[in-house]
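Trainee: test case, fold it:
(chains A and B)
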Amino acid sequence: MSKYTEAELKKELETKEYAYGFYTDIDSDTFPPGLNEAVVRAISLKKNEPEWMTEWRLEAFRHWETMVEPEWANVRYKKPEFQNISYYSSPKQKPKYDSLDEVDPELLDTFKRLGISLDEQKLLAGVAVDVVMDSTSVATTFKKTLAEKGIIFCSISEAIKEHPELVQKYLGTVVPKKDNFYAALNSAVFSDGSFCYIPKGVRCPMELSTYFRINQAGTGQFERTLVIADQGSYVSYLEGCTAPSRDENQLHAAVVELIALDDAEIKYSTVQNWFPGDKSGKGGVYNFVTKRGLCENRAKISWTQVETGSAITWKYPSCVLKGDDSIGEFYSIAVTNNFQQADTGTKMIHLGKNTRSTIISKGISAGQSQNSYRGLVQIGPRAENARNFSQCDSLLMGNRCGAHTFPYIEAKNKTAQIEHEATTSKIGEDQIFYCNQRGIETEKAIALIVNGFSKEVLNKLPMEFAVEAQKLLEISLEGSVG
Amino acid sequence: MELKERLLASYLAFEDRTEMDDHVRNIRSQAIKNFESNGFPSKKDEEWKYTSLNPLLKVPYTVFSKKENSVEFKDVKKYFLHEIDSYKLVFIDGVYSSFLSETTHQGMDICLLSSALSKPKYKMVMDRFYNQATDKNESLTSLNTAFATEGAYINIPKGKVVNKPIQIIHFSTGQESALMLFPRNLIVVGENAHVQIIERHQSLYENPVLTNAVTEIFANKRAIVDYYKIQNDLPSASLIDHTYISQKQDSNCAVHTFSFGGKMTRNNLNFYQEGEHVQSTLKGITLVGDKQHVDHHTLVAHNQPNCESFQEYKGIYADQSTGVFNGKVIVKKEAQKTNAYQQNNNLLTGDKATINTKPQLEIFADDVKCSHGCTIGQLDKKALFYLRARGIPEKEAKALLMYAFANDVLSAVKIQEIKTRITKIIANKIGVKLGFDI
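Mentor: Numbers count the residues shown, from 1 in each chain, chains lettered A, B, ... in the order given. Below you'll find the predicted structure:
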């Protein structure tokens, strides 16, 4: 341990195997591969959905058939064959449990290995977890505490049945079902996801959290999340993902819609660590996600993401700042290694007066990966006094990876104030030297620098999540993060 | 008939009646083929996302001027930088005007592309350089390559420091109808040579003119090139200007673009660094109003290690004008120790002015220092108050601040007369008399 060089770190990064690659054997109820109107109807039927929902799905499906996959992103991959994917998979035993003891022990064991001990969280952290395994919600905790406050936190299929008025009013309003190729696909076939409604003036007493996992081989995961914060309410929502190793590429096309009504605030945090493919670039998850939030007057939406997994990432959590004085924030760390490719960023659409947005994006590329930031800041003609600050920093490790920046800035109002800055660098030899000089060994020094580089974003994660985030960062950049 | 079809038809006539050797004929026919397959770019092309050529394509431009036009020196004197002695290459509607020009063959060539293309003694240089730096897939460059016959040919041999600046001025009279021009400049600068060039496109009558210009610059080892583009044309004129610069080891090239006039101006400025320790500088001031549209697309390709590039573009957009800035920096994986800097600052002063900017970095090497910054904002209210508190009227105070905003770029200009000229144009544009001379 006398000398730990960047070269060694690089080697370690390359050889580091995906630590969470295991597969839970639970009997699943899976549709045969293929997608047509009958499959869409069957999904809807399977979920006992009302007629309007079936129609909604079919409309999305018919439009999806006319669309082509987008190719503008700075990623290269073999396109998924949409007819070879099974569009529904659900664990067979699906009774609603009252306590965790009733849950399949194997499932619980899976979560333990992921470091998500439900019972521990229940006892210690006060986090209500709506666990999504493949596509069906199997356990929901803390429901009673939330119910007392009038907060609805359940699976989206339950919400369609129990709260159709809310779902009908808001579903597809932020991400229209025809928005883009993957959003349309998701709208047609989404199997489950989470629904959250915070009533007027309520401050959600705990962090809401969902864990998504892709489990069954060959099934695409199509999550749909809808979070509605009514006037003056506050909610912090956490989403974390890990997936088992798979050789064939798995498709994930989720849609997340956030609606922050007047004076409401939504904080949405994601940690994503899906299987990135092995070190020769084989396998890995395709992550094509549409996330968007709508801010009414004085509302605030804050996205925080730590992206360490997936072979291909195509993800742009966005804010539509429709109301006056609304605020949008985006904090992101994207780590790519081996043959991973990420094209991620955000869109800040300023429509209302005095709207403000902040973008902090940190990209770390190692191995032969490609890491792109792609962002749009748009100031509409009526958005008086709009303010934006963007900062995109990239850290390169080795000369076989790439870091790219594609910021689009469009201002149509003369009162707009926009600042954008981007830097690209490597870990400086002088920085390491400085640390060495003060008795900090090279390994620790690299850890310190990477940590410092990401700190601005890590700080934005809720306390309960920061531990997990750091754990996931470690897997991608083990040896550097002490 | 669509403009594209008419151009293709014109090319057949042009090819028939123009004498050219096989090498040039080959280059031209390749180029027209590329234009034929790609056509005019549309807003669907990423490179033309914010600039539409559609309004221009509706104008019935002709490619050939019907008669020779002449102008009197006194009418056009103001467009020259006449305070200083210089070499001059003047073209009227694409035709060389020997009367207004001042060329030389003594120790260097400052002459015409047409003669360089036709005379055997230049054949070696032409084969080696002509159309070698251009992007062969770029449709509008190809269009120029197909039709271009005239422009400046400048060849500065090893070690020569050109004693006075060279002015290249393209006048268009467009007296009879709407005219499309294809000026083409080729500039070869030898080892240790040093040259300063000023380029201007100017229309004299309010008939629509579309200039699609291409300039190729080859800077050999340790060469120094200073290039100034003054774009202050009439509101009827549109300009699409492509500049391709290939730089060898230790060379230093700077291009300054001053965009004030014209209906639509599009600058494609491309730097290719082909040797170590190369320095590239790209600077620009844009000051437009009404419905003017100015689009700056820059590309710096860092292909070799230890090079530097420096970009600074300042834009002031008034009324309903629109501005586009797309700066692309590509660092190849061989190009370690690159230092690339890019800065784009914009002031929006008009209620309906729009600015679209996209500073883009594509980096494949790890030991580099690359940064870009971009701002959009207004004049500082406190600074404005400070000036007004000292009795400076609002309009003048604003003008002073705008001038100061642009001054970072202006101060890098090495020819004093250009500085004075630009200051006057700025003062004129803002409609004030700046109470000082520089």
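
Trainee: is A:Ser328 in a bridge, and if so with what?
Mentor: No Ser there; residue A:328 is Gly. With DSSP bridges as the criterion, A:Gly328 is bridged to A:Ile301, A:Ser357.

Trainee: didn't it look like it was pressed against A:Leu294?
Mentor: No: if you go by CB atoms under 8 Å, A:Gly328 and A:Leu294 don't touch, sitting 10.1 Å apart. C-beta: built from backbone N, CA, C; applies to glycine.

Trainee: what's the overlap in contacts for the two?
Mentor: Common neighbours of A:Gly328 and A:Leu294 (criterion: CB atoms under 8 Å, 6 or more residues apart in numbering or on different chains): A:Ile301, A:Cys319.

Trainee: which one's more surrounded, these two?
Mentor: A:Gly328 (29 against 25; other CB atoms under 10 Å in any protein chain shown).

Trainee: do you know the pLDDT at the more buried one?
Mentor: Listed pLDDT for A:Gly328 reads 95.

Trainee: list the contacts for it?
Mentor: Taking CB under 8 Å, 6+ apart, we find A:Gly328 in contact with A:Gly293, A:Cys295, A:Lys300, A:Ile301, A:Ser302, A:Cys319, A:Leu321, A:Met348, A:Thr355, A:Arg356, A:Ser357, A:Thr358.

Trainee: what does A:Arg298 give?
Mentor: When contacts are counted by CB under 8 Å, 6+ apart, A:Arg298 touches A:Asp262, A:Asp263, A:Gly323, A:Asp324, A:Asp325, A:Ser326.

Trainee: which pLDDT value goes with whichever residue of the stretch 51-200 of chain B sits closest to chain A?
Mentor: The minimum distance from the stretch 51-200 of chain B to chain A, using CB to the nearest CB, falls at B:Thr51 (13.2 Å). As predicted, B:Thr51 sits at a pLDDT of 89.

Trainee: and the stretch 351-482 of chain A, which residues reach chain B?
Mentor: Within reach of chain B by CB under 8 Å from any CB of the partner chain, the stretch 351-482 of chain A has these residues: A:379, A:381, A:394, A:396-426.

Trainee: which among the residues you listed end up buried?
Mentor: Buried subset of those (neighbour count, 16 or more other CB atoms under 10 Å in any protein chain shown): A:379, A:394, A:396-426.

Trainee: domains in chain B, by residue range?
Mentor: B:3-275, B:384-438 (automatic domain parsing).

Trainee: just tell me which of those ends up closest to B:Gln343.
Mentor: Taking CB to CB, domain B:384-438 is the member of the domains of chain B nearest to B:Gln343, at 8.8 Å.

Trainee: quick one: that closest one near chain A?
Mentor: No: on the criterion CB under 8 Å from any CB, domain B:384-438 is out of touch with chain A, staying 12.8 Å away.

Trainee: skipping adjacent residues, who's closest to A:His404 in space?
Mentor: Residue nearest to A:His404 in three dimensions, not counting chain neighbours: A:Ser372, with 4.2 Å by CB to CB, 6 or more residues apart in numbering or on different chains.

Trainee: pull out the buried residues from the contacts of A:Gly328.
Mentor: Neighbour-count burial (16+ other CB under 10 Å) applied to those gives A:Gly293, A:Cys295, A:Lys300, A:Ile301, A:Ser302, A:Cys319, A:Leu321, A:Met348, A:Thr355, A:Arg356, A:Ser357, A:Thr358.

Trainee: wait, the second one touches A:Asp263, no?
Mentor: No: no contact is recorded between A:Cys295 and A:Asp263 when judged using CB under 8 Å, the distance being 10.3 Å.

Trainee: farthest-separated two in the contacts of A:Arg298?
Mentor: A:Asp263 and A:Asp324 (11.6 Å).

Trainee: need the overlap of contacts for these two.
Mentor: Here A:Asp263 and A:Asp324 share the contacting residues A:Asn297, A:Arg298, scored by CB under 8 Å, 6+ apart.

Trainee: residue at max distance from the center of chain B?
Mentor: Centroid-distance maximum for chain B: B:Ala389 at 40.7 Å, with CA atoms, centre = their mean.

Trainee: can I assume A:Thr423 is in contact with B:Ile363?
Mentor: No: in this structure A:Thr423 lies outside contact range of B:Ile363 using CB under 8 Å: 10.5 Å.

Trainee: any shared contact partners between those two?
Mentor: Residues touching both A:Thr423 and B:Ile363 by CB under 8 Å, 6+ apart: A:Ser394, B:Cys370.

Trainee: check contacts around residue 363.
Mentor: Just so you know, I chose chain A. A:333-336, A:342, A:371-373, A:392-395, A:403 are the contacts of A:Gly363 under CB under 8 Å, 6+ apart.

Trainee: not what I meant, chain B
Mentor: Taking CB under 8 Å, 6+ apart, one finds A:Ser394, A:Leu396, A:Gly402, A:Ala403, A:His404, A:Thr424, B:Val329, B:Ile330, B:Val331, B:Cys370 in contact with B:Ile363.

Trainee: how about 7 Å then?
Mentor: Residues near B:Ile363 by CB atoms under 7 Å, 6 or more residues apart in numbering or on different chains: A:Leu396, A:Gly402, A:Ala403, A:His404, A:Thr424, B:Val331, B:Cys370.

Trainee: same question, B:Lys4
Mentor: Going by CB under 7 Å, 6+ apart, B:Lys4 touches B:Gly39, B:Phe40.

Trainee: export the helix or strand harbouring it as PDB, just CAs?
Mentor: Using DSSP states H and E, B:Lys4 sits in helix B:3-17. Output of helix B:3-17 as PDB, limited to C-alpha atoms (Å, rounded to 0.1, in the frame of the first residue of the first chain):
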ATOM      1  CA  LEU B   3     -33.000  27.700 -56.500                       C
ATOM      2  CA  LYS B   4     -31.200  24.400 -56.200                       C
ATOM      3  CA  GLU B   5     -32.400  23.200 -59.700                       C
ATOM      4  CA  ARG B   6     -31.500  26.600 -61.200                       C
ATOM      5  CA  LEU B   7     -28.000  26.400 -59.800                       C
ATOM      6  CA  LEU B   8     -27.600  22.800 -61.100                       C
ATOM      7  CA  ALA B   9     -28.700  24.000 -64.500                       C
ATOM      8  CA  SER B  10     -26.400  27.000 -64.300                       C
ATOM      9  CA  TYR B  11     -23.500  24.700 -63.500                       C
ATOM     10  CA  LEU B  12     -23.900  22.900 -66.800                       C
ATOM     11  CA  ALA B  13     -23.700  26.200 -68.700                       C
ATOM     12  CA  PHE B  14     -20.800  27.300 -66.500                       C
ATOM     13  CA  GLU B  15     -18.800  24.100 -67.100                       C
ATOM     14  CA  ASP B  16     -19.300  24.400 -70.800                       C
ATOM     15  CA  ARG B  17     -18.000  27.800 -71.300                       C
END
